[in-house]
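In: Let's see this in three dimensions:
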Amino acid sequence: MLRNKKFFLLCFLIVTSASAQNVFFYKLEGKVTNLNTRIADIHVINTSSNRATITDSEGFFAIAARLNDTILFSAVQYKRMTLVVTRAMLESSSITVPLEEFINELDEVVVRPYNLSGDLSRDMNSLKTDKVYVAATLGLPNAYVKPITQAERKLHEATTGGGLVPLNPIMNAISGRTKYLKKVLASQEKYARTMRVREYYADSLFVKYLKIPENKIEDFMYYCEVDNAFSSVVDSHDKLKIWEYLKLRSNAYLREATEE
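Out: Here you go, the predicted structure:
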């Protein structure tokens with residue numbers, strides 16, 4: 001009788017130990033890279049426990065995980081990757097997750113695994129997210145200050161100076177350097193607007209709906225960029241308004257190309 005009790009006790013301890021391994025979470029840490037460069041703002045989702053976080057500005061992440069959990073790494077511009085947590089990963093101090101760049105094709109079938117709806121705001125609300133510590137959440141001074149560009153910094157240096165009579169603005173105005181720097185800054189701002197539009201819409205939209213050949217998209221964007229209305233339309237951040245503008249400009253662009 002005593003031997004049977006010992007046997008059942010031993011079985012209970014083994015089952016309890018095995019279950020405990022699946023109950024307790026470990027802290028899985030690592031970095032996400034692309035071509036040996038660490039990348040920020042990658043969604044890291046433990047689909048087995050509905051926990052999520054994002055990589056920081058240096059590409060590092062930390063997420064609670066258990067043995068055999070499935071971790072999904074996702075971002076719009078990169079191919080999704082899933083990893084099944086192994087004991088070696090849990091015992092490692094850090095893992096490296098390489099992602100490949102992804103070119104979005106609208107005609108492709110989009111498969112949504114892990115019961116994700118495709119609506120990012122709704123999917124993120126249904127997941128348990130670890131708190132992200134950044135300058136804004138910590139209430140640090142200048143958290144929302146936008147860093148100035150090199151062209152802005154050079155123009156500021158050229159138009160300011162110390163002493164009772166600042167000489168920098170005078171000398172740079174006489175030499176024409178201030179005028180030159182203003183042109184450089186204006187050109188960079190226009191180029192930044194063009195890049196913003198390219199990020200809004202896939203190349204396939206230009207080809208399919210605007211009838212712009214793929215090898216002419218860059219030329220078409222420059223055609224829009226030199227238009228006086230381009231800056232104000234793009235600065236509205238209204239994607240529908242910008243798209244209507246592109247449709248009008250594409251008609252003019254194609255008409256002029258035909259006349260040539």
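
In: In this protein, where is pLDDT below threshold?
Out: 1-23, 103-191, 260 (pLDDT under 70).

In: what comes up buried for whichever strand in it runs longest?
Out: Across the chain, the strand with the greatest residue count (assigned by DSSP state E) is strand 26-34. Residues of strand 26-34 classed as buried by neighbour count (16 or more other Cβ atoms under 10 Å): Tyr26, Leu28, Gly30, Lys31, Val32, Thr33, Asn34. For every residue, glycine as well, the C-beta is placed using N, CA and C.

In: Quick check: the first one touching Arg87?
Out: Which is Tyr26. No. The pair Tyr26 and Arg87 does not pass the contact test of Cβ atoms under 8 Å, sitting 9.9 Å apart.

In: All the strands of the chain, in order from the start?
Out: Using DSSP E, strands in the chain cover 26-34, 37-38, 43-46, 51-54, 60-65, 70-75, 78-84, 95-98, 128-129.

In: In its sheet, which strands sit next to the third one, and in what direction?
Out: I take that to be strand 43-46. Strand 43-46 pairs in its sheet with strand 51-54 (antiparallel), strand 70-75 (antiparallel), by DSSP bridges.

In: what's the burial count for Ser49?
Out: 16 (other Cβ atoms under 10 Å).

In: Would you mind measuring from it to Ala202?
Out: 34 Å (Cβ to Cβ, to the nearest Å).

In: Give me the distance between the closest residue to Tyr209 other than its chain neighbours and Leu83.
Out: Nearest in space to Tyr209, with sequence neighbours left out and distances taken as Cβ to Cβ, 6 or more residues apart in numbering, is Lys247 at 7.8 Å. Per Cβ to Cβ, Lys247 is found 43 Å from Leu83.

In: same thing with Phe220?
Out: With distances taken as Cβ to Cβ, Phe220 is found 41 Å from Leu83.

In: before we move on, what about Thr33?
Out: Computed with Cβ to Cβ, the distance linking Thr33 and Leu83 is 14 Å.

In: Quick check: neighbours shared by these two?
Out: The overlap between the contact sets of Thr33 and Leu83 (Cβ atoms under 8 Å, 6 or more residues apart in numbering) consists of Val97.

In: just to revisit the earlier point, and the strands paired with strand 43-46 as CSV, adding mean neighbour count and distance to Leu210?
Out: Formatted as CSV, these follow (neighbours: other Cβ atoms under 10 Å; distance: least, Cβ to Cβ, whole Å):
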stretch, mean neighbour count, distance to Leu210
strand 51-54, 20, 34
strand 70-75, 20, 27
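
In: mind putting those in TSV, distance to Glu100 included?
Out: Below are the strands paired with strand 43-46 laid out as TSV (distance: least, Cβ to Cβ, whole Å):
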stretch	distance to Glu100
strand 51-54	19
strand 70-75	11
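
In: What separation is there between Phe73 and Tyr223?
Out: Using Cβ to Cβ, Phe73 is found at 38 Å from Tyr223.

In: what do you get for Ser204?
Out: For Ser204, the distance to Tyr223 - Cβ to Cβ - is 19 Å.

In: Buried residues in stretch 219-231, which are they?
Out: Applying 16+ other Cβ under 10 Å to stretch 219-231 flags Phe220, Met221, Tyr223, Cys224, Glu225, Phe230 as buried.

In: Please tell me how far the third one sits from Thr53.
Out: Put plainly, it is Tyr223. In terms of Cβ to Cβ, Tyr223 sits 43 Å off from Thr53.

In: What of the last one?
Out: Distance of Phe230 to Thr53, computed by Cβ to Cβ: 38 Å.

In: can you redo the strands of the chain as TSV with distance to Ala257?
Out: Formatted as TSV, the strands of the chain follow (distance: least, Cβ to Cβ, whole Å):
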stretch	distance to Ala257
strand 26-34	37
strand 37-38	38
strand 43-46	41
strand 51-54	44
strand 60-65	48
strand 70-75	36
strand 78-84	35
strand 95-98	42
strand 128-129	49
